[in-house]
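S.K.: turn this into a structure:
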Amino acid sequence: MITELIGLGAAVVAFGGGFSWTRNFVRTRLRFVEAAHSRPAPWVVGVGAVVLAAPVVWLLPIVGGGTAIALGLGAGLGVKSAQKDRHLLGP
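M.R.: Numbers count the residues shown, from 1 in each chain. You can find the predicted model right below:
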């Protein structure tokens, strides 16, 4: 019971951290990079985050594959959110 709650908490933190970090990074550092604002960019970032997190998640006994998927989903949605904010920030 407690390990499931720890795993769920880790997934929620991974989703939130992935979302907020990538959104901030794309909005501030990559705002003039056209590739970061292309249509497939959220998918590429999301899949890349899952692939990079998979070995780390495999080594940790409490968290599982859902945590890696939550990180990838959060990162991809963070990029998508930053793309939508681009028109608010100006050129």
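
S.K.: who does the longest helix anywhere in the chain touch, helix- and strand-wise?
M.R.: The longest helix of the chain (DSSP state H) is helix 2-28. Applying 3 or more Cβ pairs under 8 Å, 6 or more residues apart in numbering; DSSP states H and E, one finds that helix 2-28 contacts helix 41-59, helix 65-89. Placement of C-beta: from N, CA and C, glycine included.

S.K.: where are the low-confidence patches of the protein?
M.R.: Low-confidence regions of the chain, defined by pLDDT under 70, span residues 87-91.

S.K.: dead centre of it: give me the residue that sits there.
M.R.: residue 75 (1.5 Å; Cα atoms, centre = their mean).

S.K.: residue 5 versus that one, what's the distance?
M.R.: If you measure residue 75 against residue 5 using Cβ to Cβ, to the nearest Å, the figure is 24 Å.

S.K.: what do you get for residue 14?
M.R.: In terms of Cβ to Cβ, residue 14 sits 15 Å off from residue 5.

S.K.: neighbour-wise, which of those two wins?
M.R.: Set residue 14 next to residue 5 and count neighbours by other Cβ atoms under 10 Å: residue 14 wins out with 24 against 10.

S.K.: one step back: list the buried residues for the longest helix of the chain?
M.R.: 7, 10-11, 14-15, 18-19, 22-23, 25-27 (16 or more other Cβ atoms under 10 Å).

S.K.: I'm done for today, thanks for sticking with me.
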